[in-house]
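In: the amino acid sequence is not available; the structure is as follows:
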């Protein structure tokens, strides 16, 4: 990995982990099992892709990544809640995630449901937290909260989740696969880069560019995820593989095969990078991150 | 019912129902089944207690209840999400709610989980919505969002839900029952009156009084709920009764019996009313509402 990116990722992960530890009540605080379950999934080895993207976007616009920590932490809480609920027996019924037992396997279904609910809720508590308010104008905080809520709502992330289920085992066409990608993964990835930039004081045009960039990156991320499910190594991934195929999930690789999928990833990466060319050298970290996402092995 | 209260309740319900219909995407919008499920539970005959309380508190401080509609609608979305998740098979496993089949009975468990998630999420979208922003200062909106998020988070509503499960079948003492009441029902009732007042421009002291008032009212509401479960009529209530007893739920009436519970309701009502005496005649609707809550039969 490029040493510049390596350092950016390590620093960002450290900052967001430290913030999450501060934001989520300790397992000493009642109800203990709930806080334990929230922490179990939050600190189960996530890559912190969304927080890092938010920080990279803020950095590109010219703000210290420190300023967007509440956003970074909130995004990770939302991502984690969506995984906990997605893994539940009535949903994808997964036993393993990142090489560890899923929340409902450890804490039972009811606690897993509530831990997910609590992580979604705390995201909005964090976003409206005073730490942000001291640096960022209140009207910008309200805009960010609205944008994040829309991104993870019934026409964003949750739309993706439900379509993913609805089209299981169905012969889905490309427009459906595109919609699932744009919502299930894309919405929160988009919200990460656009709101990181928004908090850093980006103007409308810059946010629009990052919206497009985030859309491409979201697709890269999802296709890569589906490719890893198709071809990846269960040990490296820490979860069962070839599940999508067994379930008949509507994914790009399952319809178009791995070769065409890899070609699409490369062309999306080129498009994404071209998109942020106007930012010049300041876009370096985001470009390196997009490459990293397109090449990841877990 | 007092005609003044009757009119206030009818007007408020109409306003909040109209707002919810506007805020929640139509079932024509994809993903249809999700929006249908969100609407099914939202429009299943809820009494709109929390919205009405928020509007009454705003009215008492001197604002038109129109100003707090987004808060009122958001509170009802949160309340409805908590019912949908609470009714799920791994939780209370209830088939009926307000005389209608529960969400998971109609739409299946996975859609019910996601409909709950989407209602919680849309609450924050509504709270940060532009309609509020035009009238209310942004910093107040951020405060309200934070307060509502805390009220329905892991040390509020969700703490109540999980304690309610943990102490099922256990010999719970009064301090546990008190905590369950304060969190499960109390937190959101408290947030309704304090934030209704906050949006209306109440000062710190007024909000503190309403916090105390909301705490008493939350207890009245929960004890009354538990009494109705113990003594109520399943037809009037639209749900199964005597479930708490069967499950060994830790409630005040199950430990202290109906007579002592009714006495406690009356003394809490007197305390609550005394608390808002400083507001004089302007507190009339809130006082009538507290009486209504303490006497309700469904």
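Out: Good, I have the coordinates. Bear in mind that the values here come from a model prediction, so they are computed numbers and not experimental data.

In: where does the stretch 1-150 of chain A have low pLDDT?
Out: Counting by pLDDT under 70, the ranges of the stretch 1-150 of chain A that qualify are A:130-133.

In: can you pull out the helices in it?
Out: Remark: helices assigned in the stretch 1-150 of chain A by DSSP state H, counting those that start in this stretch are A:3-23, A:32-42, A:49-61, A:69-87, A:103-107, A:109-127, A:130-133, A:138-151.

In: and residue A:168, what does it touch?
Out: Taking C-beta atoms under 8 Å, 6 or more residues apart in numbering or on different chains, we find residue A:168 in contact with A:247-250. Where you see a C-beta, it was placed from the backbone N, CA and C, and this is true even at glycine.

In: most neighbours among these, which one?
Out: Neighbour counts for those (other C-beta atoms under 10 Å in any protein chain shown) peak at residue A:250, which has 25 neighbours.

In: burial check on the closest residue to it other than its chain neighbours, number of neighbours?
Out: Among residues not flanking residue A:250 along the chain, residue A:172 sits closest, at 3.4 Å (C-beta to C-beta, 6 or more residues apart in numbering or on different chains). The number of residues packed near residue A:172 is 22, by other C-beta under 10 Å.

In: before we move on, the earlier item: nearest to residue B:161 among the helices of the stretch 1-150 of chain A would be which one?
Out: Closest to residue B:161 of those, according to C-beta to C-beta: helix A:109-127, at 5.9 Å.

In: quick one: is the closest one near chain B?
Out: Yes - Helix A:109-127 is in contact with chain B by C-beta under 8 Å from any C-beta of the partner chain, via A:109-111, A:113-114, A:116-118, A:120-122, A:124-125, A:127.

In: returning to that earlier point: in JSON lines, list the contacts of residue A:168 along with pLDDT, secondary structure and distance to residue A:34.
Out: Shown next, in JSON lines, are those (pLDDT from 0 to 100; DSSP: H, G, I helix; E, B strand; the rest coil; distance: C-beta to C-beta, whole Å):
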{"residue": "A:247", "pLDDT": "80", "secondary structure": "helix", "distance to residue A:34": "31"}
{"residue": "A:248", "pLDDT": "82", "secondary structure": "coil", "distance to residue A:34": "35"}
{"residue": "A:249", "pLDDT": "84", "secondary structure": "coil", "distance to residue A:34": "31"}
{"residue": "A:250", "pLDDT": "85", "secondary structure": "coil", "distance to residue A:34": "34"}
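
In: quick one: the helices in the stretch 151-298 of chain A, in order.
Out: Using DSSP H, counting those that start in this stretch, helices in the stretch 151-298 of chain A cover A:157-166, A:174-181, A:187-199, A:204-231, A:234-237, A:243-247, A:252-275, A:284-295.

In: so what's the predicted local confidence for the residue nearest to residue A:250?
Out: If you check residue A:172, the pLDDT there is 78.

In: so it sits right up against residue A:252, yeah?
Out: No - counting by C-beta atoms under 8 Å, residue A:172 does not reach residue A:252; the two are 10.0 Å apart.

In: and the helices of the stretch 1-150 of chain A as TSV, adding distance to residue B:260 and mean neighbour count?
Out: Formatted as TSV, those follow (distance: least, C-beta to C-beta, whole Å; neighbours: other C-beta atoms under 10 Å in any protein chain shown):
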stretch	distance to residue B:260	mean neighbour count
helix A:3-23	41	16
helix A:32-42	31	22
helix A:49-61	52	28
helix A:69-87	41	27
helix A:103-107	36	21
helix A:109-127	31	27
helix A:130-133	43	16
helix A:138-151	44	22
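
In: who are the neighbours in contact with the residue nearest to residue A:146 when sequence neighbours are not counted?
Out: Leaving aside its sequence neighbours, residue A:146 sits nearest to residue B:128 (C-beta to C-beta, 6+ apart; 3.9 Å). By C-beta under 8 Å, 6+ apart, the contact set of residue B:128 is A:142-143, A:145-146, A:149, B:141, B:145.

In: so which of those is the closest to residue A:194?
Out: For the contacts of residue B:128, the nearest to residue A:194 is residue A:143 (10.3 Å; C-beta to C-beta).

In: and the gap between the closest one and residue B:39?
Out: 27 Å (C-beta to C-beta, to the nearest Å).

In: surely residue A:225 touches residue A:186?
Out: No - between residue A:225 and residue A:186 there is no contact under C-beta under 8 Å: 11.7 Å.

In: show me the residues around the closest residue to residue A:107 other than its chain neighbours that make contact.
Out: Leaving aside its chain neighbours, residue A:107 sits nearest to residue A:37 (4.6 Å; criterion: C-beta to C-beta, 6+ apart). Residues counted as contacts of residue A:37 (C-beta under 8 Å, 6+ apart) are A:103, A:106-107, A:111-112, A:114-115.

In: export these to TSV and tack on distance to residue B:258?
Out: Putting the contacts of residue A:37 into TSV (distance: C-beta to C-beta, whole Å) gives the following:
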residue	distance to residue B:258
A:103	39
A:106	40
A:107	35
A:111	32
A:112	36
A:114	30
A:115	35
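
In: from those, which is closest to residue B:158?
Out: Among these, residue A:114 lies closest to residue B:158 (C-beta to C-beta), at 5.4 Å.

In: wait, that closest one sits on residue B:159?
Out: No - judged on C-beta under 8 Å, residue A:114 makes no contact with residue B:159 at a distance of 9.3 Å.

In: was I right to think residue A:215 contacts residue A:190?
Out: Yes - the pair residue A:215 / residue A:190 is scored as a contact, 5.8 Å apart, by C-beta under 8 Å.

In: what sits against residue A:84?
Out: Residue A:84 touches A:41, A:102-104, A:112, A:115-116, A:119, counting by C-beta under 8 Å, 6+ apart.

In: now with 6 Å, please.
Out: A:41, A:103, A:112, A:115-116 (C-beta atoms under 6 Å, 6 or more residues apart in numbering or on different chains).

In: quick check: residues of chain A near chain B?
Out: Residues of chain A lying near chain B by C-beta under 6 Å from any C-beta of the partner chain: A:31, A:34, A:85, A:90-91, A:109-110, A:113-114, A:117-118, A:120-122, A:124-125, A:128, A:138-139, A:141-142, A:145-146, A:149-150, A:152-154, A:158-159, A:161-163, A:165.
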